[in-house]
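Undergrad: all I have is the shape, not the residue letters:
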Ligand code: ADP
């Protein structure tokens with residue numbers, strides 16, 4: 001761990017910091033529920049810093065195997081050597097282990113996590129026969145986006161019931177504007193206008209906009225504005241275009257940009 005790393009900027013929405021701290025103290029695994037780009041990753045980075053723990057982040061996808069998490073034997077110059085996967089490394093080091101978008105991982109991969117989430121706190125490494133106890137400070141954190149696109153893909157109850165869930169949503173407008181100004185390097189006026197636009201665009205969800213603009217997209221637009229790009233153009237490129245290919249929705253979003261800037 002880099003002991004000298006600086007404090008990640010995180011603006012809390014409620015009591016999530018205190019809740020997480022208690023979960024950490026009580027060795028409870030945590031699930032962060034919420035849409036993409038609303039601050040879950042930043043929150044984990046902040047908590048790892050605050051708790052003084054290393055952070056191991058794993059982005060989940062459907063090709064991720066248990067061996068990718070736990071480790072594998074590698075052949076090196078005629079010798080076979082064991083190499084820890086990121087989960088094993090986190091268990092040994094007592095790190096916070098953050099599995100981003102865990103629902104993307106296959107079930108047989110996710111079950112590897114189970115013995116780490118109960119009183120056993122062990123990682124069975126099948127290939128070496130090792131039963132690795134988690135070092136003090138180890139904590140499992142998963143993120144999960146319960147959005148529309150997850151209808152067919154969901155976490156099994158046997159997995160979800162092993163986690164304390166913290167709900168994340170987009171921050172209230174005044175807070176989101178503070179975040180956008182800080183992260184995007186724009187003045188308060190532009191930040192407020194971007195958040196106002198986001199709220200109008202988020203209302204289009206009822207008209208079929210599948211993905212609504214996240215705080216991340218607002219930050220991207222703010223950065224372009226801060227670099228001297230004309231605000232409308234920044235909004236089209238960073239917010240409108242990434243969200244849809246549908247002509248009717250694009251045109252509705254263009255109108256909202258023009259009404260805001
Ligand atoms: P998620 O993990 O939910 O997809 P991130 O944590 O990556 O989202 O958030 C996207 C970006 O939004 C961050 O990089 C940061 O710039 C900004 N952000 C969102 N919420 C916050 C917050 N509460 N405090 C500070 N920055 C935030």
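TA: Received, thanks. These numbers come from a predicted model, not from an experiment.
Undergrad: wait, what's in contact with whichever residue of the chain sits closest to the ligand?
TA: Nearest to the ligand in the chain, going by CB to the nearest ligand atom, is residue 39, at a distance of 2.5 Å. C-betas here are computed from N, CA, C, even on glycine. Contacts for residue 39 were tallied using CB atoms under 8 Å, 6 or more residues apart in numbering; they are 10, 13, 168, 171, 179, 215.
Undergrad: dump those into a markdown table; add pLDDT as well.
TA: As requested, the contacts of residue 39 are arranged in a markdown table below (pLDDT from 0 to 100):
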| residue | pLDDT |
| --- | --- |
| 10 | 98 |
| 13 | 92 |
| 168 | 96 |
| 171 | 93 |
| 179 | 98 |
| 215 | 97 |
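Undergrad: for the helix or strand harbouring residue 91, packing partners?
TA: Assigned by DSSP states H and E, residue 91 belongs to helix 86-93. Counting contacts by 3 or more CB pairs under 8 Å, 6 or more residues apart in numbering; DSSP states H and E, helix 86-93 is packed against strand 55-59, helix 66-70, strand 96-100, strand 122-125, strand 130-133.
Undergrad: show me the contact partners of whatever helix or strand comes next after the second one.
TA: In this case it means helix 66-70. Of the helices and strands lying after helix 66-70 in sequence (DSSP H and E), the nearest is strand 71-76. Residues from elsewhere that reach strand 71-76 (CB under 8 Å, 6+ apart): 80, 81, 82, 83, 84, 85, 88, 125, 127.
Undergrad: for burial, what's the neighbour tally of residue 26?
TA: The number of residues packed around residue 26, counting by other CB atoms under 10 Å, is 8.
Undergrad: quick check, pLDDT for it.
TA: On pLDDT, residue 26 comes in at 95.
Undergrad: gap between it and residue 44?
TA: Residue 26 is 17 Å from residue 44, where distance means CB to CB, to the nearest Å.
Undergrad: contacting residues for the residue lying closest to residue 69 once chain neighbours are set aside?
TA: Once flanking residues are discounted, residue 69 sits nearest to residue 87: 4.1 Å by CB to CB, 6 or more residues apart in numbering. Shown in contact with residue 87 (CB under 8 Å, 6+ apart): 56, 58, 69, 70, 97, 112, 113, 123.
Undergrad: please identify the deepest-packed of the helices and strands packed on helix 86-93.
TA: Of the helices and strands packed on helix 86-93, the one with the most neighbours on average (mean count of other CB atoms under 10 Å) is strand 96-100, at a mean of 25.
Undergrad: on contacts alone, who are the packing partners of that strand?
TA: Right, strand 96-100 is packed against helix 40-51, strand 55-59, helix 86-93, strand 139-144 by 3+ CB pairs under 8 Å, 6+ apart.
Undergrad: hmm, try it at 6 Å
TA: strand 55-59, strand 139-144 (3 or more CB pairs under 6 Å, 6 or more residues apart in numbering; DSSP states H and E).
Undergrad: residue 218: neighbour count?
TA: Residue 218: 28 neighbours (other CB under 10 Å).
Undergrad: would you confirm that it belongs to a helix?
TA: Yes: checked against DSSP: H, G, I helix; E, B strand; the rest coil, residue 218 lies within a helix.
Undergrad: isn't it up against residue 180?
TA: Yes: using CB atoms under 6 Å, residue 218 is in contact with residue 180, at 4.8 Å.
Undergrad: how far does stretch 66-79 sit from its chain's centre?
TA: On the basis of CA atoms, centre = their mean, to the nearest Å, stretch 66-79 sits 28 Å off its chain's mean C-alpha point.
Undergrad: partners of residue 131 in the sheet?
TA: Beta-bridge pairing for residue 131 (DSSP bridges): residue 124.
Undergrad: ok, it touching residue 121?
TA: No: judged on CB under 6 Å, residue 131 makes no contact with residue 121 at a distance of 10.9 Å.
Undergrad: follow-up on the earlier one: pLDDT value on the residue nearest to residue 69, please?
TA: 98.
Undergrad: what does residue 258 give?
TA: Model confidence at residue 258 (pLDDT) stands at 97.
Undergrad: burial of it, as a residue count?
TA: 10.
Undergrad: can you list the buried residues in stretch 66-86?
TA: 66, 68, 69, 70, 71, 84, 85, 86 (16 or more other CB atoms under 10 Å).
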